[in-house]
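> following is a predicted model, sequence given first.
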Amino acid sequence: MQDLRVTIIQTALHWQDAEANREMFSEKLAAAAPATDLIVLPEMFTTGFSMEAAQLAEEAEGPTLRWMQQEAEKHQAVLTGSVIVKAGEQFFNRLYWVRPDGSHAHYDKRHLFRMAKEHHTYTPGKERLLLELKGWNICPLVCYDLRFPVWSRNKGSEYDLLLYVANWPKPRSNAWSILLQARAVENLAYVVGVNRVGSDGSKHPYSGDSAIIHPKGYKLLETTEVEGIHTITLSRQELVDFRESFPAHLDADAFTLG
């Protein structure tokens, strides 16, 4: 029964400049990253939230995946975040989960943000991804997925940690904070939400507000609009004890997505 060390990076991004962003994250990790098990980057961390997929997309085995493999090996930690990927004739907002040994898995964002016409550019994912790390079961999702509790639902306590990477704009920051706490409470799981700061090329501002939420709903970590790297240790024993003392999951409604 091991605890899990999680490191989140909240930062501004270079607009549509993958090489500059990879270099920036390498420098941040080299300068400030402590020993950790999992490093979480924002959504579309190489470009910002862009609809210019035809110009910016990488192949599935492209330079950012190779960079993630190098960084994961260097820091001996899983590295995750989403990038723009082209597979066949389709574009995906794809979250990569890259292990220190170079192996990897991916999740394609299911809920595409129609208010930015993301659904006109990208293809939605069809399946969730469940992963194991140090005995923890983890479900990584992307930004707008946060608004859809059925997709995030912890059926049969299949995960212990729910993870969201995001480019969530400042005008809706209150919804971001509320929904992160709600997902933790209703799913009896830790929740990590990693957002960016600054503004993008479309002049949308981002306030960060990255947070780590306890299964009881209170914030173990809450950030402001300041850039930073934060590491926190999640207690496995606290999760087990809480689920045993308050087994609300045993009364959950049984249903599946059609």
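Cool, the structure landed.
> could you find the closest non-adjacent residue to the most centrally placed residue in the chain?
Geometric centre of the chain, nearest residue: Val165, 2.7 Å, by C-alpha atoms, centre = their mean. Ranked by C-beta to C-beta, 6 or more residues apart in numbering and with sequence neighbours excluded, the top spatial neighbour of Val165 is Glu43, at 4.6 Å. C-beta here means a position set from N, CA and C on the backbone, and glycine is covered the same way.
> pretty sure the one you found contacts Ile84?
No: if you go by C-beta atoms under 8 Å, Glu43 and Ile84 don't touch, sitting 10.2 Å apart.
> which residue ranges form the helices in the protein?
Counting by DSSP state H, the chain has helices at residues 18-32, 53-56, 63-75, 118-121, 149-152, 173-187, 236-245.
> other residues contacting the last one?
To tie it back to what came earlier, the one meant is helix 236-245. Residues outside helix 236-245 that contact it (C-beta atoms under 8 Å, 6 or more residues apart in numbering) are 1-4, 135-136, 157, 160, 188-190, 214-216, 249.
> for Ser235, give its distance to Leu180.
19 Å (C-beta to C-beta, to the nearest Å).
> how long is stretch 3-18 from one end to the other?
End-to-end distance for stretch 3-18, by C-alpha to C-alpha, to the nearest Å: 33 Å.
> show me the shaky parts of the stretch 1-150 of the chain.
33 (pLDDT under 70).
> which residue ranges of it form strands?
4-10, 38-40, 58-59, 78-87, 90-98, 104-108, 131-133, 136-142 (DSSP state E, counting those that start in this stretch).
> and of those strands, who's closest to His230?
strand 4-10 (5.4 Å; C-beta to C-beta).
> all set, thanks.
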